[in-house]
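Asker: Test case, fold it:
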Amino acid sequence: MSLTASLAAIGRPVLAALALIGRLALYAFETVTHLLRPPFYGREFLHALVQIGWLSLPVVGLTAVFTGGALALQIYAGGSRFNAESVVPSIVAIGMTRELGPVLGGLMVAARVASSIAAEIGTMKVTEQIDALVTLSTHPMKYLTLPRVLAATLAVPVLVGVGDAIGIMGGYLVGITRLDFNAAAYLKNTADFLETWDVVSGLIKGAVFGFIVATMGCFYGMHSGRGAQGVGRATKSAVVAASVLILAANYILTELFFSA
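Answerer: Sure, this is the predicted structure:
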C-alpha cells in the first residue's frame, strides 16, 4: 500500500468524525436559537416532561439505591484497612452528589430516553410524517426537537436530586443494618460533611447531561436512514453518542468545578 493510500485510510474516518462533530454542534446551536423564537408547543413540552422525567424515576431510583448501598460496602471495606471506617457516611454522600448520582442518572436516562426519542422521530421520518409537518408549515425543530430538549434539560436535574437522596438513603440503610453504624451518628456525619456546592454541581451536571441526551436522540432520529435498519442504527448511535458525551462532559465539568 502506498503512502498516499495509507494516509487516506487514516484521514477518511478522522474527517468523517470531524464532520459529524460539526453537524452535532450546529444542530445543538440551532436548537438553542429556536428557544428564543415563537411559536412554542406547550402540549408537546408537557408530554415530553412526563415521558422523560416522571417515567424515568423508577429506573433512576433503583439504580441510585443499589449504588449507594454498594458504595457504602466498598468504602467500609477499603476504610477498614486504614482504621477509617467512620468516613463511610461522608464519602457516600459526596460520591453520590458529585459523581455517581449525575453520571449514573444521566446514563440511565440516555439508555431509556435517547433510544426512545431516536426511534420515535426516526419512525416519523421513515413514514414521512416529518415531511407532512413541513407541508403544514410546522417547523420540525420547533415541534419535535425543542420541547424534548427543554424537557430533558429541566427534568434530569430533578431526577439527579431525587437519585442523590435515594442513593444516600441506600448507603444509610446498609450502614445501619449491615455495618453497625449508629443511625443518628450516620445522619449527623452526612450532614456535617456535605456542602451545598456538592449538591449544586451535581444538578448542573444533570442539566448538561439532559441536554446531551435529548439532543442526541433528536439528531440521530432526524438523520435516520430509511427502513427498519435505518431506525435501528439511529437508535443505537443515539445511545452510544449520548453515553460517550456524558462521560466526556462529566470530566470537563469536574475539572472546571473541582480542579485545584
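Asker: tell me which element the residue nearest in space to the middle of the chain is part of?
Answerer: Nearest to the geometric centre of the chain sits Gly106, at 2.5 Å (CA atoms, centre = their mean). Using DSSP states H and E, Gly106 maps to helix 101-109.
Asker: Quick one: list the elements packing against that helix.
Answerer: helix 57-79, helix 146-177, helix 196-222, helix 227-258 (3 or more CB pairs under 8 Å, 6 or more residues apart in numbering; DSSP states H and E). Where C-beta positions appear, they are placed from N, C-alpha and C, glycine not excepted.
Asker: would you list those helices in TSV and tack on mean pLDDT and distance to Pro102?
Answerer: Listed next are these as TSV, based on pLDDT from 0 to 100; distance: least, CB to CB, whole Å:
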stretch	mean pLDDT	distance to Pro102
helix 57-79	92	11
helix 146-177	94	5
helix 196-222	94	4
helix 227-258	92	7
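Asker: now for those, which one comes closest to Thr31?
Answerer: Closest to Thr31 of these, according to CB to CB: helix 146-177, at 5.4 Å.
Asker: Check which element follows that closest one along the chain.
Answerer: Helix 146-177 is succeeded, C-terminally, by helix 183-193 (DSSP H and E).
Asker: For that following helix, name the packing helices and strands.
Answerer: Using 3+ CB pairs under 8 Å, 6+ apart, helix 183-193 sits against helix 88-95, helix 146-177.
Asker: Using CSV, list the CA coordinates for it.
Answerer: Extracted C-alpha coordinates of helix 183-193, given in CSV (Å, rounded to 0.1, in the frame of the first residue of the first chain):
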residue,chain,number,x,y,z
ALA,A,183,-28.4,5.9,62.8
ALA,A,184,-28.2,9.3,64.4
ALA,A,185,-24.4,9.5,64.1
TYR,A,186,-24.6,8.4,60.4
LEU,A,187,-27.0,11.2,59.6
LYS,A,188,-25.0,13.8,61.5
ASN,A,189,-21.8,12.8,59.8
THR,A,190,-23.5,13.0,56.4
ALA,A,191,-24.9,16.5,57.2
ASP,A,192,-21.7,17.8,58.6
PHE,A,193,-19.5,17.0,55.6
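Asker: and the angle from the host helix or strand of Thr31 to helix 196-222?
Answerer: Thr31 is located in helix 3-34, with elements delineated by DSSP H and E. Computed with axes from the mean of the first three to the mean of the last three CA atoms, to 10 degrees, the direction of helix 3-34 lies at 110 degrees from that of helix 196-222.
Asker: Buried residues, helix 3-34. List them.
Answerer: 24, 27-28, 31, 34 (16 or more other CB atoms under 10 Å).
Asker: any idea how far stretch 48-67 is from the chain center?
Answerer: Stretch 48-67 sits 11 Å away from the centroid of its parent chain (CA atoms, centre = their mean, to the nearest Å).
Asker: coming back round to it: can I get the helices and strands packed on helix 101-109 in CSV with mean neighbour count and distance to Leu20?
Answerer: Converted to CSV, the helices and strands packed on helix 101-109 look like this (neighbours: other CB atoms under 10 Å; distance: least, CB to CB, whole Å):
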stretch, mean neighbour count, distance to Leu20
helix 57-79, 19, 29
helix 146-177, 24, 19
helix 196-222, 24, 10
helix 227-258, 17, 9
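Asker: how about those, which one is nearest Ala16?
Answerer: The nearest among the helices and strands packed on helix 101-109, by CB to CB, is helix 227-258 at 13.0 Å.
Asker: which other helices and strands contact that closest one?
Answerer: Going by 3+ CB pairs under 8 Å, 6+ apart, helix 227-258 lies up against helix 101-109, helix 115-126, helix 196-222.
Asker: now it against helix 196-222, angle please.
Answerer: Using the same axes, to 10 degrees: helix 227-258 against helix 196-222 is 160 degrees.
Asker: Touching, Thr145 and Gly217? I think so.
Answerer: No. Using CB atoms under 8 Å, Thr145 is not in contact with Gly217; the gap is 9.2 Å.
Asker: what about Leu46, how many residues close to it?
Answerer: When neighbours are defined as other CB atoms under 10 Å, Leu46 has 12 of them.
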